[in-house]
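# structure, please.
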Amino acid sequence: MQKGIKFRIYPNREQENLINQTLGCCRLIYNKGLAMRKEAYANGEKVGYTQTSAMLTALKKCEDFSFLKQADSVALQQSLRDLDRGFVNFFQKRAAYPVFKSKHNYRQSYRTLNRKNNIRIVGKYIKLPKLGYVKICQSMEVGKINHVTVEHTPAGKYFAVLNVEFEPQPRTNNGDCIGINVGIKEFYSDSNGKTVANPQYLENSMRKLAREQRRLSRKQKDSNNREKQRIRLARVHEKITNQRNDFLQKQSTMLIRENQTICIKDLNVKDMMRNHKLAQHIGSAAWGKFFTMLLYKSVWYGNKIVKVPTMYPSSQTCSCCGYQNPLVKNLAVRVWECPNCHAEHNRGINAGINILKKGLQMQSA
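Residues are numbered from 1 along each chain as shown. Sure, this is the predicted structure:
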């Protein structure tokens with residue numbers, strides 16, 4: 001298997017300039033390839049990766065584009081491969097039509113391949129094509145490196161995302177089965193009666209974000225002070241993202257380690273985000289990313305994820321007698337009593353129990 005590992009790198013001034021130049025060259029080649037394809041399509045012709053690659057070769061021979069020779073040639077080819085993959089995804093209805101890349105986007109990246117071990121970690125440094133040895137903050141051991149993505153973030157930091165070979169070792173767990181019901185106030189409630197509070201990192205930082213945004217809006221356009229304030233604002237957003245990712249990683253790993261079968265509801269988070277009253281809170285909770293982590297970790301360690309149908313009324317159904325109470329459709333109802341068997345239910349925990357029952361029923365069917 002393969003996985004991505006992200007390390008922060010600390011290039012010197014010369015290496016920073018070369019990284020920024022390579023980012024600009026990759027963006028230029030991508031845009032020229034996209035323009036070439038659009039023009040050919042308008043003329044009724046067909047252009048693929050072979051034609052755009054020949055265009056790159058011709059540009060390098062032109063004096064006006066001689067600066068392309070200073071960039072990593074593999075990275076330039078990979079930008080054209082990314083463009084080709086974008087069109088494949090578009091025609092197979094997996095993505096939108098490719099658009100031109102802008103230099104005003106503060107998150108830029110390029111990818112290069114490991115050929116003849118030209119990408120490797122040596123002590124506290126990583127060797128990258130054209131850049132040489134760049135200082136790296138390595139937090140874990142890595143296997144064979146297939147390719148690396150050099151990323152420049154809006155906060156002004158540089159990262160190397162390594163795609164490495166990975167041999168997951170099966171982990172022993174308690175063999176338990178659990179049902180998970182995600183929410184906004186409680187991040188999730190499970191069938192064991194446990195609730196995990198939503199840390200609400202975004203909501204807790206809204207005042208600070210608003211203050212930094214006001215300061216940014218008062219700065220003169222294109223000034224150095226505005227750029228400094230933009231980075232301060234970006235670092236606040238970055239901290240929120242890091243806090244959320246750390247929380248999701250820890251919770252998903254804990255569930256995988258303790259349970260063999262995890263039953264979740266197959267929620268369409270994208271459609272739920274269309275509710276403008278709840279969209280910010282749903283996005284802050286990041287249910288989709290949480291489910292994605294559970295899925296790929298279950299593949300690594302041999303766990304079983306069972307998805308219960310979206311429309312299954314897990315919150316309205318009494319987990320004791322099976323009575324369906326239509327009054328519980330109101331999200332404000334957090335605790336309710338079953339009119340049939342008079343059992344008192346916590347909305348989240350009751351839903352977790354029903355999700356577990358339905359998931360086990362689907363698994364045995």
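# and the gap between Val134 and Asn146?
For Val134, the distance to Asn146 equals 18 Å [C-beta to C-beta, to the nearest Å]. Just so you know, the C-beta spots here come from the backbone N, C-alpha and C atoms, and that holds for glycine as well.
# an error on my part: the question was meant for Val161.
Distance from Val161 to Asn146, by C-beta to C-beta: 11 Å.
# find residues that contact each of these two.
Counting by C-beta atoms under 8 Å, 6 or more residues apart in numbering, no residue touches both Val161 and Asn146.
# in terms of neighbours, single out the busier of Val134 and Asn146.
Between Val134 and Asn146, counted using other C-beta atoms under 10 Å, the more crowded position is Val134 (19 against 13).
# what helices or strands is the helix or strand hosting the more buried one leaning on?
In this structure, Val134 sits in strand 132-137 according to DSSP states H and E. For strand 132-137, the packing partners by 3 or more C-beta pairs under 8 Å, 6 or more residues apart in numbering; DSSP states H and E come out as strand 2-10, strand 125-128.
# for the last one, C-alpha coordinates in PDB please.
Translated: strand 125-128. The C-alpha atoms that make up strand 125-128 are tabulated as PDB, following Å, rounded to 0.1, in the frame of the first residue of the first chain:
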ATOM      1  CA  TYR A 125      18.000  16.900   5.400                       C
ATOM      2  CA  ILE A 126      16.000  15.700   2.400                       C
ATOM      3  CA  LYS A 127      17.600  15.700  -1.100                       C
ATOM      4  CA  LEU A 128      15.300  17.100  -3.800                       C
END
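# list the contacts of that strand.
Under C-beta under 8 Å, 6+ apart, the answer for strand 125-128 is 7, 9, 112, 118-121, 133-136, 148, 150, 160.
# ChimeraX command for the buried members of those?
The following ChimeraX line selects those of the contacts of strand 125-128 that are buried, judged by 16 or more other C-beta atoms under 10 Å:
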select :7,9,112,119,121,134,136,148,150,160
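# dump the contacts of strand 125-128 to TSV, plus pLDDT.
Putting the contacts of strand 125-128 into TSV (pLDDT from 0 to 100) gives the following:
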residue	pLDDT
Phe7	96
Ile9	97
Thr112	96
Asn118	92
Ile119	95
Arg120	94
Ile121	95
Tyr133	97
Val134	97
Lys135	97
Ile136	96
Val148	97
Val150	97
Ala160	97
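# in stretch 8-18, what's buried?
Buried, per 16+ other C-beta under 10 Å, within stretch 8-18: 9, 11, 15-16, 18.
# endpoints of that stretch, how far apart?
17 Å (C-alpha to C-alpha, to the nearest Å).
# outside of that stretch itself, list whatever touches it.
19, 70, 126, 130-132, 134-137, 150, 157-160.
# switch the cut-off to 7 Å
Contact partners of stretch 8-18, identified using C-beta atoms under 7 Å, 6 or more residues apart in numbering, comprise 19, 126, 130-131, 134-137, 157-160.
# hmm, back to that, from the buried residues of stretch 8-18, which is closest to Ile184?
Ile9 (37.1 Å; C-beta to C-beta).
# enumerate every residue touching Val269.
282, 287-288.
# from the contact counts, what lies against the helix or strand hosting Met55?
Using DSSP H and E, Met55 maps to helix 49-61. Helix 49-61 is packed against helix 13-42, helix 73-91, with contacts defined by 3 or more C-beta pairs under 7 Å, 6 or more residues apart in numbering; DSSP states H and E.
# in CSV, list the buried residues of stretch 8-18 along with distance to Tyr49.
What follows is the buried residues of stretch 8-18, written out as CSV (distance: C-beta to C-beta, whole Å):
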residue, distance to Tyr49
Ile9, 30
Pro11, 30
Gln15, 30
Glu16, 31
Leu18, 26
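# can you give me the strands in this structure?
In the chain, the strands defined using DSSP state E lie at 2-10, 108-113, 120-122, 125-128, 132-137, 145-152, 158-165, 176-182, 186-190, 195-197, 259-265, 304-308, 335-337, 344-346.
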